[in-house]
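A.B. asks: Mind folding the following:
(chains A and B)
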Amino acid sequence: MRSFPKSLRAALVLASALFVSTGRGQHQGVQEPAGNEDAVAEEVLHDVSGDDLEVESQPNGSFKAGELIMEHIGDSHDWHLWGHTHLPLPIILKVGDGWNWELFSSSRFMDEHHHPASYRGKHGEYRLVGKNIVGTCGVDCVLKVTDLSITKNVATLFFCVALMLLVFVGIARGYRKRGVAAPQGPASLLEPIILFVRDDIAKNSIGEKHYQRFTPYLLTLFFFIWFLNLIGLIPIFPFGANLTGNIVTPLVLAAATFLIVTFVANSHYWRHIVAMPGIPPFVLIILTPIEIMGHFIRPIVLVIRLFANIMAGHIVLLVFFCLIFIFSKNGANPVGGWATSPFVLAFTVFINCLELLVGALQAYVFTLLTSIYIGTAVAGGHDDHH
Amino acid sequence: MNLVTPDIGLLFWMCLSFGIVVFLLSKFAWKPILGAVKTREQSIADALNEAKKMRDDMAKMSASNEEVMRQARAERDTLLKEARDIRDKEIAEAKSKAKAEADAMLGRAREDIRNEKNAAIVELRNQVADLSVQVAERILKEKLGDAAAQKALVDKVMTDIDLRKS
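C.D. replies: Model (predicted):
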């Protein structure tokens, strides 16, 4: 138990340090080519090319913070490491309505001069428009492309899954080996959290009778969200992808929660939704639609809460970093940039600490609400009638 | 806006990965971990119960020990009391016996003394009578001229007769 705060502190310091160092790196990275204005403009154009491709190459490299932020919290087909170095990722495309597949590397979208290029595959020619892949086959022939690529987010997802399997199957082996002895190593760090999820989340809100059935799902949910939140906070490879702040992750998790609640709900739950016992019929006319809507709104609220919290955290951090570029007039005024940096760094360190808390808190809230919804769905009809 | 439009590729991989991770972790991680934790909690609870039972047993045992001690002490007290009573009685008996004996001896001695005294008185009386007779006899035998001669005679007689010798 005592190792937990210590490790947490270490992780916090590490995460903050990493963020600070990358903050510096970005800062200098943009300041260096300040002499060459065309290069700056090109880099900004390259980095900031959003979805709508409306970046105009203005003289002295206008800096568009909004686009940079959107680019950073969004997905990409390759993994930007530093400068012009990108880790290529596999592009997987399903072309047309048939069983036609394309598999190639994302480095094909870039020629040796780091200019956008198109790739000619088996079924057509593909190029990146913003972040979307557009497939063409000759003039006026647009292919229907379903993009199942291993993007940065997907790769991070796999990384997180692998990490979780490694950690938890690893400590499970330790438990098998040591039997009833006290936990050691990573197990002693994670066991209090596992017990917290089991006792304070699952058992408290689902009840003694049913909680064991749902504890594995709740544990997975909690650690999945928490790990992804932490991964999103560490800005260097192989971390840094903003997955929980992407709408898909909360959507899938809340959909899983919704399906579980819908399928395990007993007749007592449905009766309370359709016709709350002991309520006059004319009130039911109002109440029943509200209850039915509630059944769908609750998972939607789960999605929005997690998505908005994590995304907001990332945006706040990026906004602070953008201040450096804005005050330095994107490299034209280095003094302004340097003068802003200390304040920005202090703020980002603070926000990062806050985000560490938010990351754990949102994992807790999501899991707690899920288990409360499950709890209401499986609550026995007889005990809590009155 | 792209921000809230789910990306189909990520959606696909997310469903797949999350499903797999839930399945694998439930089977290979949570089951053994929760099982081990539960076993441990059970064994701790058992050990605590065991300890409580032993403590109760100890308490019971010490209570019974106390009882035995108390009884033994009471028994000892009774025994001591009895012994003291017996001793006191014996001493008293011996004392009264000795007193009676002494009294009897004293009585006998007094009796003897009285008898001796009586015998002595009788003998003295007899000797005095004899002496008187002898004195009278001698006086009568002498010729009694004058008073001085008489007195000398009496003295002579008295000297002759050693009272203590007779």
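
A.B. asks: Spatially central residue in chain A, please.
C.D. replies: residue A:243 (1.6 Å; CA atoms, centre = their mean).

A.B. asks: do chain B as well
C.D. replies: Here the mean C-alpha position of chain B is nearest to the C-alpha of residue B:80 (CA atoms, centre = their mean), at a distance of 4.7 Å.

A.B. asks: just to revisit the earlier point, contacts only, for the closest residue to the residue nearest to the centre of chain A other than its chain neighbours.
C.D. replies: What sits nearest to residue A:243 in space, not counting adjacent residues and going by CB to CB, 6 or more residues apart in numbering or on different chains, is residue A:228, at 4.6 Å. For the C-beta atoms, the positions are set from N, CA and C on the backbone; glycine is no exception. By CB atoms under 8 Å, 6 or more residues apart in numbering or on different chains, the contact list for residue A:228 reads A:156, A:157, A:160, A:243, A:244, A:249.

A.B. asks: State the pLDDT value of residue A:45.
C.D. replies: pLDDT, residue A:45: 39.

A.B. asks: Where is the longest helix in chain B?
C.D. replies: When chain B is parsed with DSSP state H, its longest helix is helix B:31-141.

A.B. asks: what packs against the next helix-or-strand element following it?
C.D. replies: Toward the C-terminus, helix B:31-141 is succeeded by helix B:147-160 as the next helix or strand (DSSP states H and E). When contacts are defined as 3 or more CB pairs under 8 Å, 6 or more residues apart in numbering or on different chains; DSSP states H and E, helix B:147-160 packs onto helix B:31-141.

A.B. asks: pLDDT (mean, whole number) over the helix it packs on?
C.D. replies: 92.

A.B. asks: could you give the angle of that helix to helix B:147-160?
C.D. replies: Using axes from the mean of the first three to the mean of the last three CA atoms, to 10 degrees, the direction of helix B:31-141 lies 140 degrees away from that of helix B:147-160.

A.B. asks: Tell me how many other residues surround residue A:106.
C.D. replies: 23 (other CB atoms under 10 Å in any protein chain shown).

A.B. asks: per-residue confidence at residue 4?
C.D. replies: Just going to use chain A. Note on residue A:4: pLDDT of 43.

A.B. asks: hmm, I had chain B in mind actually
C.D. replies: Value for residue B:4, per-residue pLDDT: 78.

A.B. asks: Quick check: it vs chain A, distance?
C.D. replies: Separation of residue B:4 from chain A (CB to the nearest CB, to the nearest Å): 5 Å.

A.B. asks: That residue contacts residue A:246, correct?
C.D. replies: No: assessed by CB atoms under 8 Å, residue B:4 is found out of contact with residue A:246, at 9.8 Å.

A.B. asks: got any residues that touch both of those two?
C.D. replies: Common contact partners of residue B:4 and residue A:246 (CB under 8 Å, 6+ apart): residue A:307.

A.B. asks: the more surrounded of those two?
C.D. replies: Using other CB under 10 Å as the criterion, residue B:4 and residue A:246 rank with residue A:246 on top: 27 against 12.

A.B. asks: wait, what's in contact with that one?
C.D. replies: With contact set as CB under 8 Å, 6+ apart, residue A:246 has these partners: A:73, A:74, A:75, A:153, A:307, A:311, B:7, B:10.

A.B. asks: so which of the contacts of residue A:228 comes closest to chain B?
C.D. replies: When the contacts of residue A:228 are compared for distance to chain B (CB to the nearest CB), residue A:157 wins out at 5.2 Å.

A.B. asks: Around chain B, which positions in the stretch 201-350 of chain A sit nearby?
C.D. replies: Within reach of chain B by CB under 8 Å from any CB of the partner chain, the stretch 201-350 of chain A has these residues: A:215-217, A:219-220, A:224, A:246-249, A:251-253, A:256, A:307, A:311.

A.B. asks: quick one: which of these is nearest to residue B:61?
C.D. replies: residue A:215 (43.6 Å; CB to CB).

A.B. asks: so what's residue A:250 up against?
C.D. replies: With CB under 8 Å, 6+ apart, residue A:250 has these contacts: A:244, A:302, A:303, A:304, A:305, A:306, A:307, A:366.

A.B. asks: Assign a three-state SS to residue A:337, would you?
C.D. replies: On the three-state scheme (DSSP: H, G, I helix; E, B strand; the rest coil), residue A:337 is labelled helix.

A.B. asks: between the contacts of residue A:246, which has the most around it?
C.D. replies: Within the contacts of residue A:246, most neighbours by other CB under 10 Å means residue B:10, with 27 neighbours.

A.B. asks: Could you measure from it over to residue A:66?
C.D. replies: Remark: distance between residue B:10 and residue A:66 (CB to CB, to the nearest Å) = 22 Å.

A.B. asks: ditto for residue A:126
C.D. replies: With CB to CB as the criterion, residue A:126 and residue A:66 are 28 Å apart.

A.B. asks: These two: which has the busier surroundings?
C.D. replies: Shown here are residue A:126 and residue A:66; by other CB under 10 Å, residue A:126 has more neighbours (23 against 13).

A.B. asks: Just confirm that one is within a strand.
C.D. replies: Yes: assigned with three-state DSSP, residue A:126 falls within a strand.

A.B. asks: That one contacts residue A:149, correct?
C.D. replies: No: with contact defined as CB under 8 Å, residue A:126 does not reach residue A:149; the gap is 10.7 Å.

A.B. asks: joint contacts of the two?
C.D. replies: When CB under 8 Å, 6+ apart defines a contact, the residues bordering residue A:126 and residue A:149 alike are A:91, A:93, A:133.
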